[in-house]
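S.K.: using only what follows, build the 3D model:
(one chain, ligands or ions: 1)
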Amino acid sequence: CVLKKIQEKTPLQKMLEHLLGVLEKKDPQQFFAWPVTDNIAPGYSTIIEQPMDFSTIRQKIEDNLYNTLQDFIEDFKLMCENAMKYNHLDTIYYKTSKKLLQSGLKMLQPEKLGWLFNLIP
Ligand SMILES: COc1ccc(OC)c(-c2cc(C(C)=O)n3cccnc23)c1
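M.R.: Now for the predicted structure:
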């Protein structure tokens, strides 16, 4: 078997892992923790072309697939927008995703992260 090279984490990876942790805490019911399946959400895979969830984001961080903070933010927005597309306005999923998106983007604004960027050499 090919030994998986133990990759040293880059400063960006460490920053994204921190931000992911903060965002995950805003979803205590873990509705966004794992991929949504067709058996819990009928027709999901036909309605949502590009599924996204926190576990997939975490794996992408580990695999160093995010080159910038913006790439990470795009996946976070995709995850929330998927929920607002599939679920109706009056569902807990729609409401939770709307709140998650609003509070998440507030935290992810560059001016709110200035201190974090200064940590990246
Ligand atoms: C009720 O407990 C759970 C547990 C895990 C879930 O998704 C990983 C969901 C879930 C998460 C979602 C989303 C995010 O759209 N969803 C939509 C319809 C029905 N269920 C869900 C619900």
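
S.K.: wait, isn't F72 in contact with Y66?
M.R.: Yes: proximity of F72 to Y66 meets the contact threshold set by CB atoms under 8 Å, at 4.7 Å. C-beta: built from backbone N, CA, C; applies to glycine.

S.K.: now for these two: what residues contact both?
M.R.: Here F72 and Y66 share the contacting residues L16, scored by CB atoms under 8 Å, 6 or more residues apart in numbering.

S.K.: what's the next secondary structure element after the helix or strand hosting D75?
M.R.: Take DSSP states H and E as the rule and D75 turns out to sit in helix 69-86. Downstream of helix 69-86, the first helix or strand assigned by DSSP H and E is helix 92-108.

S.K.: now for that next one, which elements pack on it?
M.R.: Packed against helix 92-108, as judged by 3 or more CB pairs under 8 Å, 6 or more residues apart in numbering; DSSP states H and E, are the following elements: helix 11-24, helix 69-86.

S.K.: again, 10 Å this time
M.R.: With contacts defined as 3 or more CB pairs under 10 Å, 6 or more residues apart in numbering; DSSP states H and E, helix 92-108 has these neighbours: helix 11-24, helix 69-86, helix 110-117.

S.K.: could you dump that helix to CSV, C-alpha only?
M.R.: Presented in CSV, the C-alpha positions along helix 92-108 are these (Å, rounded to 0.1, in the frame of the first residue of the first chain):
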residue,chain,number,x,y,z
ILE,A,92,-36.3,24.1,10.8
TYR,A,93,-33.6,23.3,8.1
TYR,A,94,-34.4,26.5,6.1
LYS,A,95,-34.4,28.6,9.3
THR,A,96,-31.3,27.1,10.8
SER,A,97,-29.4,27.5,7.5
LYS,A,98,-30.4,31.1,7.1
LYS,A,99,-29.2,32.0,10.6
LEU,A,100,-26.0,29.9,10.1
LEU,A,101,-25.2,31.7,6.8
GLN,A,102,-25.8,35.2,8.3
SER,A,103,-23.8,34.6,11.5
GLY,A,104,-21.1,32.6,9.6
LEU,A,105,-20.5,35.3,7.0
LYS,A,106,-20.3,38.0,9.7
MET,A,107,-17.5,36.1,11.3
LEU,A,108,-15.7,35.4,8.0
